[in-house]
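In: Task: produce atomic coordinates for the following.
(one chain, ligands or ions: 3)
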Amino acid sequence: MDISLIGVPIMYGCDRQGAQYGPDKLRQKGIIETIKKHENNIYDLGNLYIPYIPEMDKLTFHDTIKYLKPIVYINTNLAHCVYSALTSNSFPLVIGGDHSLGLGSISGSSKFHKELGVIWIDAHGDINTHETSPSKNAHGMPLGAALGKGDSSLVNLYFYGTKVKPENTFIIGARDLDEGEIKLAKELELNLYTMDTIKKSGLKSIIEDVIDKIKNSNIDGIHLSFDIDVLDKSLVPGTGTPVKNGFNIEEAKMILKSLLDTKMIKSMDLVELNPLLDENDTTSNLCIELVDFIFEHI
Ligand SMILES: NC(=[NH2+])NCCC[C@H](N)C(=O)O
Ligand SMILES: [Mn+2]
Ligand SMILES: [Mn+2]
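Out: Numbering: from 1, shown residues only. Ligands and ions are numbered 1, 2, ... in the order given. Reported below is the predicted structural model:
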């Protein structure tokens with residue numbers, strides 16, 4: 001398989017230093033060699049250009065979303081990179097960087113597929129709008145924007161209108177949702193599998209349910225967005241918004257393998273590694289372990 005590696009060294013969406021070092025850290029840790037090992041052709045497209053904005057200018061007049069302008073600019077570029085890779089029959093692997101990049105990835109893959117599915121594996125929902133967000137950080141908004149909710153410069157990024165239908169959107173592992181997110185998830189009838197539901201029904205039956213729904217839909221391609229904070233707080237010191245009661249590594253691998261086995265996953269993000277917060281490279285090593293597993297099963 002051909003893989004296009006796209007680095008997005010962005011931290012504007014989380015407003016915290018360190019996430020911008022994620023892509024190069026993963027390269028240092030051997031992400032290229034790890035992917036090659038599984039007989040793939042990898043094209044490292046390098047890192048997207050991130051304009052420098054002084055901290056004091058994170059809000060411009062009338063803005064309520066921090067660093068909105070560079071976020072729109074970067075995500076538009078990313079959308080086109082993802083779209084171009086897909087048109088060349090290459091699998092885009094987007095490495096972050098904070099999760100605001102999810103909007104660019106989804107926009108590019110949405111333009112490519114007739115009916116896109118999105119699987120969002122995350123401790124968070126990331127479906128806030130500028131109105132519901134407690135932090136005004138854009139990494140809490142990408143999936144909401146892709147669903148057509150929020151600021152119009154995010155909603156209409158890359159092309160006008162909604163990028164994914166609610167019935168084709170699956171959130172797995174959420175356990176830290178804001179009030180407005182819970183409300184929106186209900187209103188849109190999203191396929192939301194919180195940690196509570198997963199604990200009650202069992203992970204296996206939840207995954208079966210997701211795959212069933214996908215098989216009975218018109219989805220012709222899926223973007224899988226993996227936020228490493230879906231893993232338990234104790235496993236990922238190197239991430240900005242860790243949450244307890246998360247998945248262990250075996251559970252994460254089980255989810256990934258089942259989803260990859262459908263052969264419907266056509267692009268992926270791996271986000272929210274913050275090397276400055278990491279302890280002895282635990283988190284970056286874990287990312288490499290997951291990448292190794294993913295490309296063994298893809
Ligand atoms: N991609 C993430 N880690 N998102 C964390 C979002 C946290 C919180 N819900 C917010 O909107 O600010
Ligand atoms: Mn996230
Ligand atoms: Mn998260």
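
In: Name the SS class of the spatially most central residue of the chain, please.
Out: Nearest to the mean C-alpha position of the chain, by Cα atoms, centre = their mean, lies Ser225 at 3.3 Å. Counting by DSSP: H, G, I helix; E, B strand; the rest coil, the backbone at Ser225 sits in strand.

In: my guess is Pro275 contacts Pro23, does it?
Out: No. At 10.0 Å, Pro275 does not count as touching Pro23 under the criterion of Cβ atoms under 8 Å. Quick note: C-beta positions are derived from backbone N, CA and C, even for glycine.

In: Neighbour count for those two, which is higher?
Out: Between Pro275 and Pro23, Pro23 has the larger neighbour count (other Cβ atoms under 10 Å), namely 26 against 19.

In: so what's the more buried one up against?
Out: The contact partners of Pro23, by Cβ atoms under 8 Å, 6 or more residues apart in numbering, come to 7-9, 47, 95-97.

In: so it sits in a helix?
Out: Yes. Assessed by three-state DSSP, Pro23 belongs to a helix.

In: Near the residue in the stretch 51-200 of the chain that ligand 2 sits nearest to, how many other residues are there?
Out: Distances between the stretch 51-200 of the chain and ligand 2 by Cβ to the ion are smallest at His99, namely 3.5 Å. When neighbours are defined as other Cβ under 10 Å, His99 has 32 of them.

In: tell me the contacts of the closest residue in space to it that isn't next to it in sequence?
Out: Computed as Cβ to Cβ, 6 or more residues apart in numbering, the closest residue to His99 that is not its neighbour in sequence is His139, at 4.3 Å. Listed by Cβ under 8 Å, 6+ apart, the contact partners of His139 are 13-14, 98-100, 126, 272.

In: ok, so of those, who is nearest ligand 1?
Out: Using Cβ to the nearest ligand atom, His99 is the member of the contacts of His139 that lies nearest ligand 1, at 3.2 Å.

In: For the residue nearest to the centre of the chain, which residues are in contact?
Out: 99, 102, 105-106, 118-122, 143, 268-269, 271.

In: farthest pair in the contacts of Pro23?
Out: Largest separation among those by Cβ to Cβ: Asn47 and Gly96, giving 10.5 Å.

In: what residues are shared contacts of those two?
Out: Shared contacts of Asn47 and Gly96, counting by Cβ under 8 Å, 6+ apart, come down to 8-9, 23.

In: Distance check, the residue of the stretch 1-150 of the chain found nearest ligand 1 against Asn156.
Out: Per Cβ to the nearest ligand atom, Gly140 is where the stretch 1-150 of the chain lies closest to ligand 1, at 2.1 Å. In this view, Gly140 and Asn156 are 19 Å apart by Cβ to Cβ, to the nearest Å.

In: Kindly report the same for Ile35.
Out: According to Cβ to Cβ, Ile35 and Asn156 sit 34 Å apart.

In: neighbour-wise, which of the two wins?
Out: For Ile35 versus Asn156, neighbours defined as other Cβ under 10 Å are more numerous around Ile35 (23 against 16).

In: That one is in what secondary structure piece?
Out: helix 31-36 (DSSP states H and E).

In: Which parts of the next helix or strand after that helix count as buried, going by neighbours?
Out: Per DSSP H and E, the first helix or strand lying C-terminal to helix 31-36 is strand 41-47. Of the residues in strand 41-47, 42, 44-45, 47 count as buried by neighbour count, 16 or more other Cβ atoms under 10 Å.

In: which other helices and strands contact the following helix or strand past strand 41-47?
Out: Downstream of strand 41-47, the next assigned helix or strand under DSSP H and E is helix 68-87. Judged by 3 or more Cβ pairs under 8 Å, 6 or more residues apart in numbering; DSSP states H and E, the packing partners of helix 68-87 are strand 2-8, strand 91-96, helix 102-112, helix 152-155, strand 265-271.

In: The first one - what's its average pLDDT?
Out: Okay, so that is strand 2-8. Averaged across strand 2-8, pLDDT comes to 98.
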